[in-house]
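In: Give me coordinates for this.
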Amino acid sequence: MASDIALYGRSTVDPPGSDPVVDQALSVFTSVHEACTRFDPDSPLMRANARPDEWHTVPLVLLAAVREAHRAYQRTDGRFDPRVFGDLVRLGYDRSLPFNSGDVTTDGVDTPRASLPRWTPRLRYGRRPELHLGGMPIDLGGIGKSLAVRWASEELQEHFDDFLLDAGGDCYCEGTGPEEDGWRVGVEDPFGGALPVAVLALSDKACATSSTKVRQWRAGGRSAHHLIDPTTGRPGGEGLVAVTVVDTDPTRAEVATKYLFLGGADAIDEAARSRRTAALWVTTDGTIATSPMMEAYVIWRAG
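Out: Have a look, this model is predicted:
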């Protein structure tokens, strides 16, 4: 998932970190990655992607991820669409790129394409779960990570009242944290500044951020990033560099960041208000703005 996984809380065992409950919860990330990564040609997802117009026997975790992706697709009227796999490949993001080592350039091509037909994947449950992708390969990167946060948090909630699980921008905050009025979550500066653009206080809430800060590169001489507009096949979110959303569920928060980001800077305020979404966003000129629903969580913001 190209992310470090961190768990914060008070240890109940000695030595810290040896709790089998914690180990089991964190193993969820390995299970989701192995089933849903697009960077391993032998993963269940990539085997299905190789022949997306056929039925495939798949692990339940992949079936569940596709089901959630399709629900998100329906909930956002198609703005969240995992069928941007081909667009990412065309832009040169067909492998894990070294984003942390500096400027990245690929031989990709940034060209628009026609809009996609309606997505209708098919799922079969039973002793041998089966999946039909509906004719096009998919990318489950963002939603897969948020589902891992959801499922791991559900396991931890059965045993712990207070913890923060963080997976590189997707997190879940259970309980009140060390300050006893909510876990402190800093919203990273998408321009690379040392200080966050805001600090949130969260209790029993999830938080997700979609940003162009890390996963951006040059493709065919043009700037590109991984947040693809499914209507054009090109990087979207005109006027925005980051969107953060707070919700009770990590996956809903993740999907909402994508929905709001791809709508662009001109539409985000109205979209967040109409959907009653707790959102914070940063525009390309450095402006920091929040929806009314987000104000309850902001305890500090950059001047």
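In: what does stretch 36-52 contact?
Out: With Cβ atoms under 8 Å, 6 or more residues apart in numbering as the test, stretch 36-52 has contacts from 1, 34-35, 56, 58-59, 61-62, 65, 85, 95-96, 131, 133-141, 144. Glycine gets a C-beta too; all of them are placed from N, C-alpha and C.
In: Which entries within these meet the buried criterion?
Out: Among these, those scoring as buried are 1, 34-35, 56, 58-59, 61-62, 65, 85, 131, 133-134, 136-141, 144 (criterion: 16 or more other Cβ atoms under 10 Å).
In: Would you list the phi and psi of T209?
Out: Reported as degrees, to the nearest 10, the phi and psi values for T209 are phi -130, psi 130.
In: what bridges to it?
Out: For T209, the beta-bridge partners are T244 (DSSP bridges).
In: Pull the contacting residues for it.
Out: T209 neighbours (Cβ under 8 Å, 6+ apart): G169, D170, V187, E188, A242, V243, T244, V245, T257.
In: In terms of pLDDT, where does the second one sit?
Out: I take that to be D170. What the model reports for D170 is a pLDDT of 94.
In: Contacts only, for it.
Out: K145, S146, V149, A206, C207, A208, T209, P250, A253, E254.
In: Out of the contacts of stretch 36-52, which sit inside helices?
Out: E34, A35, V61, L62, A65, F85, G141, G144 (DSSP state H).
In: returning to that earlier point: among the contacts of T209, which one has the lowest pLDDT?
Out: Least confident entry in those, by pLDDT: G169, with 83.
In: Tally up the residues packed near it, please.
Out: By the criterion of other Cβ atoms under 10 Å, G169 has 22 neighbours.
In: Check the nearest residue to it once chain neighbours are set aside and give its pLDDT.
Out: Distance criterion Cβ to Cβ, 6 or more residues apart in numbering; nearest residue to G169, sequence neighbours excluded, is T209 at 4.5 Å. You'll see T209 listed with a pLDDT of 97.
In: In contact with the residue positioned nearest the centre of the chain, which residues are there?
Out: For the chain, the residue nearest the mean C-alpha position is G142 (3.1 Å; Cα atoms, centre = their mean). Residues near G142 by Cβ under 8 Å, 6+ apart: S210, E254, K258.
In: for the protein, what spans make up the helices?
Out: With helices called from DSSP H, the chain shows them at 20-36, 44-50, 60-75, 85-90, 141-157, 250-263, 265-274.
In: Distance of the residue nearest to G169 relative to T248?
Out: 17 Å (Cβ to Cβ, to the nearest Å).
In: re earlier: tell me the least confident of the ones in helices among the contacts of stretch 36-52?
Out: Comparing these by pLDDT, G141 comes last, at 88.
In: and the gap between that residue and G186?
Out: Taking Cβ to Cβ, one finds G141 at 23 Å from G186.
In: sorry, back to before: tell me the confidence at the residue nearest to the centre of the chain?
Out: As predicted, G142 sits at a pLDDT of 82.
In: T57 touches E130, doesn't it?
Out: Yes - counting by Cβ atoms under 8 Å, E130 is a contact partner of T57 at 5.6 Å.
In: Look at those two and report which has more neighbours.
Out: Legend: neighbour count by other Cβ under 10 Å for T57 and E130, higher for E130 (16 against 12).
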